[in-house]
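> give me the fold of what follows.
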Amino acid sequence: MPRTAIAATTQAYLNKIRQDIVFSETLRGETLHFHTTWGLFSPKAVDEGSRLLLDHVEISHDDDTLDLGCGYGPLGLTLARLAPGGTSVLIDKDFVAVEYSRKNAEINKIDNIEVFLSNGFDQTGRRSFDLIVSNLPAKTGKELYYLYFYDALIRMNPGGRFYVVTISGLRRFIQKAFLEVFGNYEKLKQGQTYTVAMARLEQ
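Take a look at the predicted model:
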């Protein structure tokens, strides 16, 4: 094949995969439309762990919520829909994730949200939340988990809840860390691959 033909074929392929990946999902009864791109977590469909977490979250109409490590927004945008009387804050350390969360909020006409770049909680200021959720990364140091947990603790309103989903291999560590940091731990669902757990800030 001539070099020019190879170049043209390659360019066509590259142009195609540079386009947004587009799909729709129904999460907790809410239909949402997503644009994503390669390099973001689970770009072709909402992952099983996020779905499992959402299935077990208790949320009130006016809860102020935080999605830690929001990616393109499936957790935070769903929470915003479920709690229209509150504010849903979405944060991520990846600027591409932040831009796609903002785009998806606009596409779905969700305006009770704020989305911004933050390394963990470092840009959240003195905000406090009724509900914090996170699909925790599987491959990171336990030191980072402890930073997340203690930072969540000081930003939770009395009675606030912190939900996480992790690979099931981390469930014992999460139990130990939650008991140490929050003084309580509840396993909501353990599957073969993922486990959903929750801790409360006692009133």
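> rest of the way, CA atoms for contacts and neighbours
Fine.
> point out where the protein drops to low pLDDT.
By pLDDT under 70, the weakly predicted segments of the chain are 1-6.
> which helix runs longest in it?
Criterion DSSP state H: the longest helix present in the chain is helix 3-18.
> tell me the first helix or strand C-terminal of that one.
Next in sequence after helix 3-18, counting helices and strands by DSSP states H and E, comes strand 21-27.
> can you tell me what sits against that following strand?
Outside strand 21-27, the residues within contact range by CA atoms under 8 Å, 6 or more residues apart in numbering are 31-37, 43-46, 51, 54, 78.
> of those, which pair is most distant in space?
Taking every pair in the contacts of strand 21-27 and measuring CA to CA, the maximum separation is 22.4 Å, between 37 and 54.
> follow-up on the earlier one: selecting buried members of the contacts of strand 21-27 in PyMOL, what would you type?
Listed next is the PyMOL selection for buried residues among the contacts of strand 21-27, using 16 or more other CA atoms under 10 Å:
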select buried, resi 32+34+35+36+37+43+44+46+51+54+78
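> among the contacts of strand 21-27, which are in helices?
Those of these lying in helices (DSSP H): 51, 54, 78.
> now these as JSON lines including distance to residue 199?
As requested, the ones in helices among the contacts of strand 21-27 are exported to JSON lines (distance: CA to CA, whole Å):
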{"residue": "51", "distance to residue 199": "19"}
{"residue": "54", "distance to residue 199": "15"}
{"residue": "78", "distance to residue 199": "20"}
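> which one of these is nearest to residue 163?
Nearest member of the ones in helices among the contacts of strand 21-27 to residue 163, counting by CA to CA, is residue 54, at 9.4 Å.
> list the contacts of that closest one.
27-28, 75.
> kindly recompute the last result at 7 Å.
The contact partners of residue 54, taken as CA atoms under 7 Å, 6 or more residues apart in numbering, are residue 28.
> what is the burial count for residue 38?
13 (other CA atoms under 10 Å).
> kindly report the same for the one 4 residues further on.
Neighbours of residue 42 under the rule other CA under 10 Å: 14.
> cool, residue 185 as well?
Based on other CA under 10 Å, the number of other residues close to residue 185 is 19.
> which strands and helices sit next to the helix or strand that contains residue 161?
Assigned by DSSP H and E, residue 161 belongs to strand 156-167. Applying 3 or more CA pairs under 7 Å, 6 or more residues apart in numbering; DSSP states H and E, one finds that strand 156-167 contacts strand 129-135, strand 194-200.
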